[in-house]
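1. From the sequence below, what's the structure:
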Amino acid sequence: VIAGGGDGTIQLVVRNILNMDIPLGILPLGSANGLATALNVSQSIEDIISHLTTNYKTIPLDLLKVNGKYICAHLGDLGINALIVKKFAEQKQRGMFGYLRHLMKSIKESPVLRYTIKTPEGIYHKKGYMLSFANGNKYGTGIHISAGSVSDGKFEICNVPRVTIKDFLKACLTRFNFFTNKEMFSDVISTSQAEIRINKKIHYQIDGEYMGQTNHLKIEIMKSAIKLLVQ
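-> Sure thing, here's the model as predicted:
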């Protein structure tokens, strides 16, 4: 099966081929293409189709199960980015200018959050403006959040303790190699399962889809859940 779209489309296809011995190929046709970016998939559709039909290999792809019912193929987060996703879904203005407008509004509206994170490795108490849980190692914009792999049986929880417009602009520009803002996502926990409790209900998103508000997440790895076709 070859899925053409972004993370939301890939997630939809993944849910329908779980527990089947059907490999998945990716055509990055979405707006951000987060998982494809994390996998360094070519942006040339012709090259991808050529490789996937003549010269390909398969690798295992881990998935995340969230609250026992949702599947996450790439990443999700709580806080400021989820609020931006919500605003994107509600309004028509897209592209970089739309993103920056939503970003500035979201920074003003986002409170400091306090989390308790329970993992097999320990219990952590943190505070920040955003918490990511990631199977992939970067956002579709190119922002690096960890050194993790999609096939290592682990996922990463990344706390963002402070957020300013300058921080986000620097992070976004890493895709053009103008800046490398490692400090923004330097507070990282690597684990196979986690229970996260937040001091208040907060916006969250999974694979670019706004999910509503919650104050509790339970996340576990689904190791080698499907086979992924790669070039």
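2. CA atoms for contacts and neighbours, from now on please.
-> OK.
3. in the protein, what secondary structure element scores lowest on mean pLDDT?
-> Ranked by mean pLDDT, DSSP states H and E, the weakest helix or strand in the chain is helix 165-172, scoring a mean of 62.
4. After that helix, which helix or strand is next?
-> On the C-terminal side of helix 165-172, the closest following helix or strand by DSSP states H and E is strand 187-191.
5. If you count neighbours, what's buried in the helix or strand that that following strand is followed by?
-> Using DSSP H and E, the helix or strand that follows strand 187-191 in sequence is strand 193-206. Buried residues in strand 193-206, counting neighbours by 16 or more other C-alpha atoms under 10 Å, are found at 193-198, 202-206.
6. for stretch 67-78, same thing?
-> Across stretch 67-78, burial judged by 16+ other C-alpha under 10 Å covers 71-78.
7. buried residues in stretch 111-118?
-> In stretch 111-118, counting by 16+ other C-alpha under 10 Å, buried: 113-118.
8. Please disregard the earlier target; I meant stretch 54-69.
-> So for stretch 54-69, counting by 16+ other C-alpha under 10 Å, buried means 60-66.
9. what would the residues you listed look like in a markdown table with secondary structure, pLDDT and distance to residue 162?
-> Formatted as a markdown table, these follow (DSSP: H, G, I helix; E, B strand; the rest coil; pLDDT from 0 to 100; distance: C-alpha to C-alpha, whole Å):
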| residue | secondary structure | pLDDT | distance to residue 162 |
| --- | --- | --- | --- |
| 60 | strand | 91 | 35 |
| 61 | strand | 91 | 32 |
| 62 | strand | 94 | 30 |
| 63 | strand | 95 | 28 |
| 64 | strand | 96 | 26 |
| 65 | strand | 97 | 28 |
| 66 | strand | 98 | 25 |
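10. can you list the buried residues of strand 193-206 in a markdown table and add distance to residue 31 and pLDDT?
-> Shown next, in a markdown table, are the buried residues of strand 193-206 (distance: C-alpha to C-alpha, whole Å; pLDDT from 0 to 100):
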| residue | distance to residue 31 | pLDDT |
| --- | --- | --- |
| 193 | 29 | 97 |
| 194 | 29 | 98 |
| 195 | 30 | 98 |
| 196 | 29 | 98 |
| 197 | 31 | 98 |
| 198 | 30 | 97 |
| 202 | 24 | 94 |
| 203 | 21 | 94 |
| 204 | 19 | 96 |
| 205 | 16 | 94 |
| 206 | 15 | 94 |
